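> Return atomic coordinates for the entry below.
(chains A and B)
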Amino acid sequence: MTRFVLGRIGFCTLIAVLLAFFTIPLLWLVTAPFTSDPSYEVKVPDFTWDNFQAVVEHPYALPSLYNSLVLSVGTAVLVVLLAALAAYALSRVRLPGRDALLYALLLLSSIITGTAAMVPLFQLAVELNLIDSHLGLILILTGGLLPAAIFMLKDFMDSTPKSYEESARVFGASPLQIVRHVVVPLVRPGLATIGVWALANVWGNFLMPYLLLSDVEKQPAAVITYTLYTEGGQANLSMLSTFGLLYSIPVVLMYLFVSKKYGFRFHGGIKR
Amino acid sequence: MAAIELRGLTKVYPGGVKALDSLDLDIPDGEFFALLGPSGCGKTTLLRTIAGLETATGGAVVIGERDVTGVQPGGRDVAMVFQDYALFPHMDVTDNIAYPLRIKKVAKGARREKAEEVGARLGLDHLMDRRPGQLSGGQQQRVALARVMATQAQAFLFDEPLSNLDARLRLEARTFLKKLQRELGVTTVFVTHDQAEALAMADRMAVMEAGHIRQIGTPVEVFQRPANTFVAGFIGSTPMNLLDGAVRGDTLEVAGCKVAVPIAAEGRLTDGEKIVYGVRPEYMAYSAGPAEGVLSGKVAIVENLGASHLVTLDVNDVLVQAVVPEGSEPAVGDDGHALPRRDRALVYRDGELV
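Next up is the predicted model:
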């Protein structure tokens, strides 16, 4: 009995420590913006709006959030569109060496990370005149996310029975009609998953925009965060915490929305 | 409404598997035609080739005097019910039934009206707002039927239409389907692996094996006079007795017993040749006492079929089955004698009917 109680106490303590480890930074994130002079510790806030005032007055802070939105939405739309078409084709058309191609894509894209490819990508962007352009960055980010997106979506496509499409074909539907009327509605949870995944990925991406966008007016929030220092070279905690909170809210909202609508099912397909 | 003709239809899959081997078939206008065979015999491939979902390697598909061999499925004016019904799970019943009309660009109001009309005819009127996931198997099947009816196609193709229903519902659906086909009068081809289903529903049927058609005929013809031992073994809920034997003068020697030459084979046999003697258990008269021309042995097994019993006799180490009416079934170990009906027994030479 004592052993059991001691065991329970030990277990609960472990859980509590683990929880604290993850919760305290979050607590800091929600309290610090409302504190007049934030430090690294979690304090009871005095509910000032001065920090928000400072962020609003910062010349690049709010525009950078807009830039982040443009980049991530642009990339997500492109990734979903291209990945859906590619995954559908790869799932339905028998090509010699199809699986080898897919695995090679996935392998290469996961081994050759952004860090490893940053020099050639930078040179490529310079040659194509895509430096300092949102479009160029969107294209490069899309390229980086596509292999994994195609791979995940192909799984969704594979799990939808072919008879739905064949049925539509016999009724005379064209390939594009089949995709619009039948395939897209069936794999909608998959498309939503890929979209959210791409959006979150770009929203948090620091390296690529840092490399490819030198114009501070075009830089997204992830890069602007890096510039929030006081004149003395110290991290500006009141700005950082406030901006950090604003930066994380859209992602949390999006997660809640998608989770409610699609339940984040990763198994796709149809209930039968 | 249209007739379907197949001319030398061949389908070879990549990899060299010959699913259909130069098939010829004529299905007249308005006929209810069954393609029957064991799994892997090519019956579904044949149906899909008629629909255009598989492209023929050779030969021609002619529907209503129009060669559609190279035509896309949508241009063939046929409608198909799939084994899993393929009802779109994200559309309600009305939208599912109206989908073919949506492809044909019929106005929204008109196609809703048509869907309601067809749905009502199949008793679906109170289900029109439901999704397929909320329907029972039988209801899903009727929605799939309503959807092909809404197309007003020249011919209907059904792929195992009853196999997804449970046993009791299957009988009901069988009757329903046959009645519906008769009322609509649309040429209908259906695939099944269940010989009872084919016998019960079809006007005519083709029995297939390994890409070949082994017999075409009405259910009565196929049941009474199977053209070869494959069809003989495949048709009938209790399989036909197929016994090795030889011609001995004007009688046959089968399993060590002498039996009379069947009427159908009279005058066509030569003395001494090896044959296979075929007779259905239903066409055997069982008795406890011996008589001339009977197969005699010991009762090995008695199986209850409900209103009758299936008795298996061990005749000199050859198993022979006979159907015995209820009340007169023997006990295991009894001596038994089975007299084949001369007008129903058949003789096969090299697997083909004599």
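> rest of the way, CA atoms for contacts and neighbours
OK.
> what about the closest residue to B:K104 other than its chain neighbours, which SS state?
In space, and not counting its chain neighbours, B:K104 is closest to A:G172: 7.9 Å by Cα to Cα, 6 or more residues apart in numbering or on different chains. Using DSSP: H, G, I helix; E, B strand; the rest coil, the structure places A:G172 in coil.
> Contact partners for A:G172?
B:73-75, B:100, B:103-104 (Cα atoms under 8 Å, 6 or more residues apart in numbering or on different chains).
> Can you pull the phi/psi pair for it?
phi 100, psi 10 (degrees, to the nearest 10).
> Local confidence estimate at the residue in the stretch 1-150 of chain A positioned nearest to chain B?
Nearest to chain B in the stretch 1-150 of chain A, going by Cα to the nearest Cα, is A:R94, at a distance of 11.1 Å. pLDDT for A:R94: 76.
> So it versus B:P14, what's the distance?
Applying Cα to Cα, to the nearest Å, the value for A:R94 to B:P14 is 11 Å.
> Same check on A:G143?
Remark: distance between A:G143 and B:P14 (Cα to Cα) = 34 Å.
> More neighbours: these two, which one.
Set A:G143 next to B:P14 and count neighbours by other Cα atoms under 10 Å in any protein chain shown: A:G143 wins out with 14 against 7.
> Tell me the secondary structure at that one.
helix.
> and what of B:E5?
What three-state DSSP gives for B:E5 is strand.
> State the pLDDT value of it.
So B:E5 comes in at 87 (pLDDT).
> That one: what's it in contact with?
Contact analysis of B:E5 by Cα under 8 Å, 6+ apart lists B:24-27, B:61-63.
> picking up where we left off before, make TSV out of the contacts of A:G172 and add pLDDT and distance to B:D334.
Converted to TSV, the contacts of A:G172 look like this (pLDDT from 0 to 100; distance: Cα to Cα, whole Å):
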residue	pLDDT	distance to B:D334
B:P73	85	61
B:G74	83	64
B:G75	84	65
B:P100	87	64
B:I103	86	68
B:K104	84	69
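> what residue ranges in the stretch 1-150 of chain A are flagged as low confidence?
A:112-114 (pLDDT under 70).
> mind listing the helices in it by residue range?
In the stretch 1-150 of chain A, the helices defined using DSSP state H, counting those that start in this stretch lie at A:2-31, A:50-57, A:61-92, A:98-111, A:114-127, A:134-158.
> Adding distance to chain B, write these out as JSON lines.
Shown next, in JSON lines, are those (distance: least, Cα to the nearest Cα, whole Å):
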{"stretch": "helix A:2-31", "distance to chain B": "40"}
{"stretch": "helix A:50-57", "distance to chain B": "45"}
{"stretch": "helix A:61-92", "distance to chain B": "13"}
{"stretch": "helix A:98-111", "distance to chain B": "16"}
{"stretch": "helix A:114-127", "distance to chain B": "39"}
{"stretch": "helix A:134-158", "distance to chain B": "15"}
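> Is it possible to get those out as TSV so that each row also shows distance to A:T242?
What follows is the helices of the stretch 1-150 of chain A, written out as TSV (distance: least, Cα to Cα, whole Å):
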stretch	distance to A:T242
helix A:2-31	8
helix A:50-57	6
helix A:61-92	10
helix A:98-111	34
helix A:114-127	29
helix A:134-158	26
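> For chain B, see how far away the residue nearest in space to the middle of chain A is.
Taking Cα atoms, centre = their mean, the centroid of chain A lies closest to A:A200, which sits 1.5 Å from it. Computed with Cα to the nearest Cα, to the nearest Å, the distance linking A:A200 and chain B is 28 Å.
> again, but for A:F243
42 Å.
> before we move on, which element is that residue in?
helix A:237-262 (DSSP states H and E).
> what's the neighbour count on residue 241?
Going with chain A. Based on other Cα under 10 Å, the number of other residues close to A:S241 is 24.
> I was after chain B.
The local packing of B:N241 (other Cα under 10 Å) involves 19 other residues.
> from memory it sits against B:Q321, does it?
Yes. Assessed by Cα atoms under 8 Å, B:N241 is found in contact with B:Q321 at 6.6 Å.
> Pull up the overlap in contacts between those two.
Contact criterion Cα under 8 Å, 6+ apart; residues shared by B:N241 and B:Q321: B:P281.
> quick one, domains of the chain?
I went with chain A, as the question did not name one. A:2-48, A:56-262 (automatic domain parsing).
> could you do chain B instead?
For chain B, automatic domain parsing gives the domain ranges B:4-234, B:241-353.
> Make TSV from those domains and add distance to A:E41 to it.
Listed next are these as TSV, based on distance: least, Cα to Cα, whole Å:
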stretch	distance to A:E41
domain B:4-234	52
domain B:241-353	84
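> Same question for stretch A:220-237: list its buried residues.
By 16 or more other Cα atoms under 10 Å in any protein chain shown, the buried positions in stretch A:220-237 come out as A:220-225, A:227-228, A:236-237.
> cool, and stretch A:190-209?
A:190-206, A:208-209.
> Where does the prediction get shaky in the stretch 101-250 of chain B?
In the stretch 101-250 of chain B, no residues with pLDDT under 70.
> Up against chain A, what does it have?
Within the stretch 101-250 of chain B, the positions adjacent to chain A are B:103-104, B:133, B:151 by Cα under 8 Å from any Cα of the partner chain.
> 7 Å instead, please
B:103, B:133 (Cα under 7 Å from any Cα of the partner chain).
> For the stretch 101-250 of chain B, which segments count as strands?
Per DSSP state E, counting those that start in this stretch, the stretch 101-250 of chain B carries strands over the ranges B:155-159, B:187-192, B:204-209, B:212-217, B:241-248.
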